[in-house]
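Asks: Predicted model follows, preceded by the sequence.
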Amino acid sequence: MTNSSVDRKQTLRTGLPMAALLLGSTILAGIPQAALAQDAAAPAAAASAADTIKSINVVGSQRLEPDTIRTYIKLRIGQPYTQAGGDQALKDLFATELFADVQIRNDAGNVTIEVKENPVINRIILEGNKRLKADKILPEIKLAPRQIFTRSKVRADVARIIELYKRQGRFAASVEPKMVMLEQNRVDIVFEVSEGPKSKVRKINIIGNDAFDDGELRGEMITKQSSLTRIFSSGTTYDPDRMAFDQQKLRQFYLTKGYADFRVVSAVAELTPDKKDFILTYVVEEGPRYKFGDVKVESQLRDFDGDRLATQLPMKKGDWYNAKLVEDTIDRLNETLGTFGYAFADVRPDYARSKEDLTMGLTFQIAEAPRVYVEKIDVNGNTLTQDKVIRREFRLAEGDAFNSLQVKRSTARINSLGYFQEKFEIEQKPGSAPDRIILEANVEEKPTGQLQLSAGYSSLEGLIFQGAVEQRNFRGRGQTIGLNLAYSNYSKQVDISFTEPYLFDRNISLGVNVYRRDLNNFNQFQRDRESTFQQATTGFQLRVGLPLTEYISAVGSYTLNYDSISVDKTQYFSDRQNPPTLECDPILSGRYLCDALGKRTSSILGTSFIFDSLDNRYRPTRGKSASVSFDFAGLGGSVKYFRVRSNAARYWPIGKGFVFSLRAEGGAIAPLNKESPTAGVESIRLNDRFYLGEPQLRGFDIRGVGPRILRRFYKADGTLNLDREQIQDDALGGRFFYLGHAELEIPLGSGAKELGLRPSIFMDIGAVWGLRAPIEQAAAYPQGIFFPQRDTSGNALYTQINVATLNPAGVCTPGTATGDVTTVTSPTNPTPPSCLGSANNIPQGSTYPAFSELFVGNSAKPRISVGIGVNWNSPFGPFRIDFAHAITKVDGDDTKSFTFNVGTQF
């Protein structure tokens, strides 16, 4: 509701204060005014006590029919009129809460009922409510437009609004109701709210605790003491329900520590005189600490031996008593019994407490129960998704023996579809007989189609634009169809995909992708990225999957790619060979790049074996997964290699919301064609090798780990420039790699969860290596020869340009009469004057920068980094930020401490 206008404020001054109505003032007549009228008419009533009622007339009614009003009273024509009858008629009419004033007159049997109806509510207006909006208050109150105004409803609504503010911790809130009279017996009801400050919990006192200090017990409570470090915490506000829950939390804590007699004697909340804060005081009685006594299992089921089950119990005689452990044991026993078909098994703990030796004997009683079979499986709530899509995920069929593990697995499989509400559970209901059970899947469908347009910035690729259309439950059949478009400074992609998870209603999956991907590769120079080559890939992939067991499946694939790799000829081609020919110049382009240029066809046959027992494929919290894949390129085409990759992961829920995970992967690639006998010639192309760095290995820049060429340029004074930002970094990739992650996801409070914040700490380890060292090759040019050497550390070293002078025969050789080998130290003077104007006619414009090269990073030594990261589902889209520090590295590795990625959806 909006605030009142100036005109309404003027009307309000002529209106009536609601307090008068609530107190029963004579302003609105009410019972007091009727009583006065009745007193005045008392003599006449007494005089006509014996009058017979001849007529009953109703005057003053506007909305109600006279006949309707007469039905509210017990006076009838032909009956004698009495004082008691008139009083009861007044009470009956006021009890309807439809009238503001009622008067009854008797004139010789002619009874006249004069009424003034309660007004009709025109609108409800809230003023002063800033912290609690109208859409939260109005649904909670009884008054509404076009209803009849009643005082009892006003009183109830005032109390309800104050209660709503108390729920928010605002105990100083007050509400003053007012009424504005309008024409046609209508009114506006105004609730003027004074919200007051939020009442915090200033102090939590605990009295009677000896075994544990106050701080440890406060840590178990939901309610927290207010402090500067908890400015944004919702747990510092006072809530009576939360205080009651904290009493249960204290009892649970003591019961897990062996204090079976613990009780909270009293819990008092005192409001400070300024009504700003509360002081909570708990008086507790700890009692003695108990240990487990004899622990036994008595089973009335013939399939289970009690003594054998007792040996598998987690608690032993002499251990400290733990009520939570007892509850968990009951759940485990029920799950075990359910695995063997006893869905309705009854496991009850029988305690034998001994206060003399402070022991708690425990006997788990397993009552007789029938073995249960699945009578029926019901699927409800699916309006789009076909029944068969859900039913085929069940690991049980109608008529099968009940198995609780299979029910749990069915729940996980349906959850992993991603079509329905989170935390879906299969309900178990009794069937038509004691040995029958009905399984119900009550689903709530959620949208599975996605239209996404995103724009963002990545520290990997700069500006990113992406558009995607995907339907993960196409036609309600569980099929996935999608179109993905992506564009960034370094890549462009179009990908059309289709997946049928159950081909011809059999447990065989079929998928196909058709794509075009353009990639600009780059190297690092002066912290900038310079494009080195362009790769355009057009192809398709066909996949077929088949489950081998419940958790293991096999996937076969065929991929056909047509690759075209090119470079900027004006930048990387030269005609400096002898004789001059415009070709790719390895000195300009970097090692191996010239070998990769051209157009090739890759025909790849692959197979994968996958194990998956995760509870959720999108955000797992427990379970394991592993896979190994083999790719054979050479079934036709011009590229031939064999590649193997494997990965594994495991997730554990620990503590209160923590999730710990370990992940590892590795791979190797080997050429199938004959290796070149020439040292330094690599048979695996640049674009087929493995690369590591951001984002796989945090703490290192993109492709910042592994074999690389560092090209260092000479200054004008002939010395090397060793500034890392002035070094050209050309990553070469490798034949082998391994990568590992250990990560702990840290839970936050409910407020942070609503924001979608998920922080974590992590450690990454990895390496890539196995490239043939680019050594023992001398590049001969008219201007000079590049001679490979070794530095003192044994690294391959390519020296700066060594220029030999030309002899009269036109051959440039060292040791001529004009001098020995000349070292060029300036790019503007690549050749000595004695070589110019010779028979070779070398042009003066042909220049090379003077530089040296180091081949580094070709090591399997682990690179280790540690750091913290945060995932945030922000209003601008998914956001990931990482701070990482490299603990170990090798020469040439390029580190990077801070990375982020953000996008937006609209």
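Replies: Everything's here; your move.

Asks: List the contacts of stretch 398-408.
Replies: For stretch 398-408, contacts defined as Cβ atoms under 8 Å, 6 or more residues apart in numbering pick out 334-335, 337-343, 371-377, 395-396, 426, 428, 437, 439. The C-beta positions use only the backbone N, C-alpha and C, and glycine is treated the same way.

Asks: average pLDDT across it?
Replies: The pLDDT scores in stretch 398-408 average 89.

Asks: okay, that stretch in PDB with CA atoms only?
Replies: What follows is stretch 398-408 as a C-alpha-only set of coordinates in PDB (Å, rounded to 0.1, in the frame of the first residue of the first chain):
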ATOM      1  CA  GLU A 398       7.200 -54.300  -9.500                       C
ATOM      2  CA  GLY A 399       7.300 -57.700  -7.900                       C
ATOM      3  CA  ASP A 400      11.000 -57.500  -6.900                       C
ATOM      4  CA  ALA A 401      12.100 -58.100  -3.300                       C
ATOM      5  CA  PHE A 402      12.500 -54.800  -1.600                       C
ATOM      6  CA  ASN A 403      16.100 -53.500  -1.200                       C
ATOM      7  CA  SER A 404      16.800 -50.200   0.500                       C
ATOM      8  CA  LEU A 405      20.200 -49.800  -1.300                       C
ATOM      9  CA  GLN A 406      18.500 -50.100  -4.600                       C
ATOM     10  CA  VAL A 407      15.900 -47.500  -3.500                       C
ATOM     11  CA  LYS A 408      18.700 -45.100  -2.500                       C
END
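
Asks: Now do the end-to-end distance for stretch 120-135.
Replies: Counting by Cα to Cα, to the nearest Å, you get 22 Å between the two ends of stretch 120-135.

Asks: ok so, going back, pull out the buried residues from the contacts of stretch 398-408.
Replies: 334, 337-338, 341-343, 371-375, 377, 395-396, 426, 428, 437, 439 (16 or more other Cβ atoms under 10 Å).

Asks: Of the residues you listed, which belong to strands?
Replies: 373-375, 377, 428, 437, 439 (DSSP state E).

Asks: residue contacts, Leu720?
Replies: For Leu720, the contacting residues are 712-714, 852, by Cβ under 8 Å, 6+ apart.

Asks: Rounded mean pLDDT for whichever strand or helix holds Ile864, please.
Replies: Assigned by DSSP states H and E, Ile864 belongs to strand 863-874. Per-region confidence: strand 863-874 scores 86 on mean pLDDT.

Asks: So what are the sheet partners of the next helix or strand after it and their directions?
Replies: Next along the chain after strand 863-874, taking DSSP H and E as the criterion, comes strand 877-888. Strand 877-888 has its sheet partners listed here by DSSP bridges as strand 863-874 (antiparallel), strand 898-905 (antiparallel).

Asks: for the stretch 51-200 of the chain, what spans make up the strands?
Replies: Secondary structure of the stretch 51-200 of the chain (DSSP state E, counting those that start in this stretch): strands at 55-59, 99-107, 110-117, 120-127, 174-182, 186-194, 200-207.

Asks: Could I get the phi/psi values of Asn673?
Replies: Torsion angles at Asn673 (phi, psi; degrees, to the nearest 10) stand at phi -80, psi 170.

Asks: That one: what's it in contact with?
Replies: Shown in contact with Asn673 (Cβ under 8 Å, 6+ apart): 640, 683.

Asks: one more time with 6 Å, if that's ok
Replies: Each residue near Asn673 by Cβ atoms under 6 Å, 6 or more residues apart in numbering is listed here: Lys640.

Asks: Do I have it right that Leu582 meets Phe573?
Replies: Yes: with contacts counted by Cβ atoms under 6 Å, Leu582 reaches Phe573, the gap being 5.5 Å.

Asks: the more surrounded of these two?
Replies: Phe573 (18 against 11; other Cβ atoms under 10 Å).

Asks: Report the beta-bridge partner residues of the more buried one.
Replies: Cys584.

Asks: That one against Leu593, yeah?
Replies: No: counting by Cβ under 6 Å, Phe573 does not reach Leu593; the two are 11.5 Å apart.

Asks: quick one on the thing from earlier: pLDDT-wise, what's the bottom of the ones in strands among the buried ones among the contacts of stretch 398-408?
Replies: Out of these, that is Gln428, at 89.

Asks: any idea how far Arg70 is from it?
Replies: Going from Gln428 to Arg70 by Cβ to Cβ, to the nearest Å gives 58 Å.

Asks: what sits against Leu182?
Replies: Leu182 neighbours (Cβ under 6 Å, 6+ apart): Asn122.

Asks: On the strand side of things, show who it bridges to.
Replies: With DSSP bridges as the rule, Leu182 is bridged to Arg186.

Asks: any idea of the pLDDT on it?
Replies: 89.

Asks: Repeat that for Tyr72.
Replies: Looking at Tyr72, its pLDDT is 90.

Asks: thought it was touching Asp92?
Replies: Yes: with contact defined as Cβ under 6 Å, Tyr72 reaches Asp92; the gap is 5.4 Å.

Asks: In terms of distance to Gly623, which of the contacts of Leu720 ranks first?
Replies: Using Cβ to Cβ, Arg712 comes nearest to Gly623 of these, at 49.3 Å.

Asks: so the closest one is in which element?
Replies: strand 708-713.

Asks: Which neighbours in the sheet does that strand have, and how are they oriented?
Replies: With DSSP bridges as the test, strand 708-713 is paired with strand 728-731 (antiparallel), strand 851-856 (antiparallel).

Asks: deepest of these, which one?
Replies: Sort the strands paired with strand 708-713 by mean neighbour count, taking mean count of other Cβ atoms under 10 Å, and strand 728-731 sits at the top with a mean of 24.

Asks: Need the mean per-residue confidence for the longest strand along the chain.
Replies: In terms of residue count, the longest strand belonging to the chain (DSSP E) is strand 528-547. Mean pLDDT, strand 528-547: 82.

Asks: ditto for stretch 266-281
Replies: Throughout stretch 266-281, pLDDT has a mean value of 87.

Asks: in it, what counts as buried?
Replies: Buried-residue list, stretch 266-281, by 16+ other Cβ under 10 Å: 267, 269, 277-278, 280.
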